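Student: missing the sequence, but the structure's below:
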């Protein structure tokens, strides 16, 4: 069984993330969407909330499992017997960072390869930070995130403002 991991903070999950998840699911037998805790970021949503939102939007995709993890991705991949890490790329600037991470993960876990998927053109500009900023300023996030989680995002972000940035 070919197992892949698509890690991210998903704070919140965007339509671009969903696009990568649906496409990546077709490349393996099991895709673990791994919600990670990034200490460099102050999330707007708890890991449990992010997992619940992801489950709502990709729970119908065959072979996809949503889980939380902390620690090193290379170690988590070994624990899950994953052969592949999936990373979505929007621009060349994403590649530079992700290439370094792929090399580090390969050094830490020689049994795992990283596969880069280019985002669909319609989502190249999209990030969770952009979604939060638009929502915090009263903008319309329709199309930026799945319909089923729009209200969750708007309620949280408009209630807390830009507090995730502090």
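Tutor: Noted; the coordinates are in hand. In this text the structure is predicted, and so the values were computed from the model without any measurement.
Student: what's the weakest-modelled helix or strand in the protein?
Tutor: Using mean pLDDT, DSSP states H and E, helix 150-160 stands out as the lowest-scoring helix or strand of the chain, at a mean of 89.
Student: Let me know the helix or strand that residue 48 is in.
Tutor: Using DSSP states H and E, residue 48 sits in helix 47-58.
Student: I would like the residues contacting that helix, please.
Tutor: Helix 47-58 is contacted from outside by 9-13, 18, 21-22, 33, 35, 37, 43, 45, 64, 66-68, 146, 148-149, 152, using Cβ atoms under 8 Å, 6 or more residues apart in numbering. C-beta: built from backbone N, CA, C; applies to glycine.
Student: and the angle for that helix with helix 150-160?
Tutor: Counting by axes from the mean of the first three to the mean of the last three Cα atoms, to 10 degrees, helix 47-58 lies at 150 degrees to helix 150-160.
Student: Which positions in helix 47-58 come out as buried?
Tutor: For helix 47-58, burial by neighbour count (16 or more other Cβ atoms under 10 Å) applies to 47, 49, 50, 51, 52, 53, 54, 57, 58.
Student: could the residues you listed be laid out in CSV, adding distance to residue 160?
Tutor: Formatted as CSV, the buried residues of helix 47-58 follow (distance: Cβ to Cβ, whole Å):
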residue, distance to residue 160
47, 17
49, 13
50, 15
51, 20
52, 18
53, 16
54, 20
57, 22
58, 25
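Student: Just name the closest of those residues to residue 109, please.
Tutor: residue 47 (22.5 Å; Cβ to Cβ).
Student: what stretches of this protein score poorly on pLDDT?
Tutor: 38-39, 161-166 (pLDDT under 70).
Student: I'd like the distance between residue 127 and residue 144.
Tutor: Residue 127 sits 10 Å away from residue 144, taking Cβ to Cβ, to the nearest Å as the criterion.
Student: Have a look at the two and say which one is more surrounded.
Tutor: When residue 127 and residue 144 are compared for neighbours, residue 144 comes out ahead with 22 against 15, by other Cβ atoms under 10 Å.
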